[in-house]
Each structure stands twice: as C-alpha cells, then as structure tokens.
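**Student:** I need the structure of the sequence given here:
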Amino acid sequence: MEQPKRVIVGHDLGVGGKAAMRSAAVVAERCGAALLIVHVVEPLDAFQRLSHPLTSPYTLEDIVQKVGARLQALAKSPEFDHLHPEYEVRTGKPFVELITAARACLADLIVVGDTSGSEELLGSTSERILRKTPIPVMVAKKPLSREAKTFLIPTDFSSCSRQAAEEALVLGKCFDARLVFFHVLDSRRSLATRYAHELGVTVQMPLPSPEEMEPEWEAFLSGLQLENVDWEKHTGEGQAANAIVGEAKHRQADIIVMGSHGRSGLSHTLLGSVTEKVVRIAHCAVLTVRPDAFKFEMP
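**Tutor:** Residues are numbered from 1 along each chain as shown. Predicted coordinates:
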C-alpha cells in the first residue's frame, strides 16, 4: 500500500463539513497529499420549487457562483492556504457527484463529516458513499488531531480486514501512531443455541480461549510490515460494534480503521453491518476500507 496522494473532502458548508475539512487537511499534510474540496448543490425538482414557501429566490447558477466564492475563500484561508487545495462545485445527487469526482481525480481517500453521535442513520450522503464507493472513506465525527497517536484496527481475520490493517499501517506511519489490533469474540447466542431448550437439546458453545485464537492472530499478522511500528493485539468479548466503540473510548483512539465486509460464516466474526453501526455510534473518526473485489455501480 502507498501513502494517499489525493484526498477529496465533501464539504456541506455546515458543522459536519468543517470537521471533514480539518480532518482531510490533517491527512493531506501528514501524508503529503493533494487536497480537493467539493460541494454538491442538489437542484430542487419542480414540485419542491412550487410547493416550498421558503424556496431560494436565487437561480441554480447564482447558488453555484456563491458557493464557489465561499470555497475559494476557504481554500485561501490561513488555516489551509499552505496546502494549496483545489475546489469544485458540482450539481446533482451529492453522493453520486462526490464519488464521480473522486474517480475523476483518482482520489485515494474520501472524507465526509457526520456529527450525529447516535444510532440513527448517518446523513444520507455519508451512508450512501460508505456503501457505494470502492475507495477508503473517512467519516469525521470531529476534527482529526494533527497529533493523532492511537489507531484502533478491528479485525475478524478476513481478507477485507487485512486490507484495512494495511491501510492503517500506511496512515499510522504518517502519524507515527500506535496501532492496536482488536478482535471481538461475539458473546451473543446464535439462533440455534437461543432455542436449544425449546428443541429439547443441550448446546454448549464456549468462546475460544486466547490460546485457541493465537493461530488466527499469527496468520493475520503474518506479512504485515510491522517493523519499527508501535503495535499490540488484543482480543475482547461482547457485542461486536459496542465492544469496538468501547475499546476505542478506553484506548482514547483518534481513529478506527476497519474493513467494510467480513466473513459472516463464523459466529464470532462479523464486519459489514457491524462496520456501519460502528460508524454511527463512534465518537472518533472511522476509516472504512472496501475489499478489492468491490465494484461501484452508478445508481
């Protein structure tokens, strides 16, 4: 894996956009990457223009021009001017245009903002980008610190979580950060064990011991470029998403880096839906990584 060379940030001109912008700027500065700021103006359809009493009197062209001026001022501000960021205003569906812009400029990372901090769905743009784009996505809950020192890397030992670990290594070296690899033994009972009593059977499914997990850890860590890296591994128990977020709080992690898909065939290993829940409830930035086989299909 190489350091990101091109970072694109979706700026909504709100609080979430500010967090995303500052986080993207930190990554760009640390990694020596170029930075592109994108805002997408979503045109109102005819019904909305006629029915909404507070519809803007400005034309779409007026709005694009005004937004462009704001992005230009942002790019030239003392906080970001040293990065020489480019900026672009697009029109259309925000998640589609952000992904299209990322593909057009060969971006290595998309940064978007979300400040909900709850189990409600992310803003539709953030959630759709997470699900649709083939490149890594960082959801910034708050501005990422330039002095970020702790990266939490949850793993279910799948190939996708291995790719996330490789991304975390590259980014972690840019920050000279400590990497914590974390595996969760999901203690929830499976459907079969939940109804064992009703079925008249006795099922005992003890969780694997640390010794039993060691071969999986060794296989997962084998080949990772861990020389001269401050790292550790840890296995915990609990409901996967909550355990990951709890570990991030305990470690005071600055960012969680995890795969977007895992191997759901094992009862104690699951990413995918877990990843989305982590993004929703985490209080720090979350970087999600897609498997190589993922293909984007334009909606």
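**Student:** Tell me the strands beside the strand or helix carrying residue 112, with direction?
**Tutor:** Assigned by DSSP states H and E, residue 112 belongs to strand 109-113. With DSSP bridges as the test, strand 109-113 is paired with strand 6-10 (parallel), strand 137-140 (parallel).
**Student:** Can you give me the buried ones in whichever helix or strand comes after it?
**Tutor:** Downstream of strand 109-113, the next assigned helix or strand under DSSP H and E is helix 124-132. Across helix 124-132, burial judged by 16 or more other Cβ atoms under 10 Å covers 125-130, 132. Quick note: C-beta positions are derived from backbone N, CA and C, even for glycine.
**Student:** the domain parsing of the protein - what is it?
**Tutor:** The record's domain parsing of the chain by automatic domain parsing lists 1-146, 147-299.
**Student:** And the ones you listed, which one averages the lowest pLDDT?
**Tutor:** Mean pLDDT per stretch puts domain 147-299 lowest among the domains of the chain, at a mean of 82.
**Student:** For it, what is the distance to the chain centroid?
**Tutor:** 14 Å (Cα atoms, centre = their mean, to the nearest Å).
**Student:** Dig out what the closest residue to residue 217 other than its chain neighbours forms beta bridges with.
**Tutor:** With sequence-adjacent residues excluded and distances taken as Cβ to Cβ, 6 or more residues apart in numbering, residue 217 is closest to residue 233, at 5.8 Å. Beta-bridge partners recorded for residue 233 (DSSP bridges): residue 181.
**Student:** same question, the one 4 residues further on
**Tutor:** Residues found in beta-bridge contact with residue 237 (criterion: DSSP bridges) are residue 185.
**Student:** what's the burial count for it?
**Tutor:** By other Cβ atoms under 10 Å, 11 other residues sit near residue 237.
**Student:** can you check the one 10 residues further on too?
**Tutor:** When neighbours are defined as other Cβ under 10 Å, residue 247 has 19 of them.
**Student:** ok, now residue 5?
**Tutor:** By other Cβ under 10 Å, 14 other residues sit near residue 5.
**Student:** which SS class is the residue nearest to residue 210 when sequence neighbours are not counted?
**Tutor:** In space, and not counting its chain neighbours, residue 210 is closest to residue 235: 6.1 Å by Cβ to Cβ, 6+ apart. Classification of residue 235 using DSSP: H, G, I helix; E, B strand; the rest coil returns strand.
**Student:** For residue 235, the count of nearby residues, please.
**Tutor:** Each residue near residue 235 was counted by other Cβ under 10 Å, and the total is 17.
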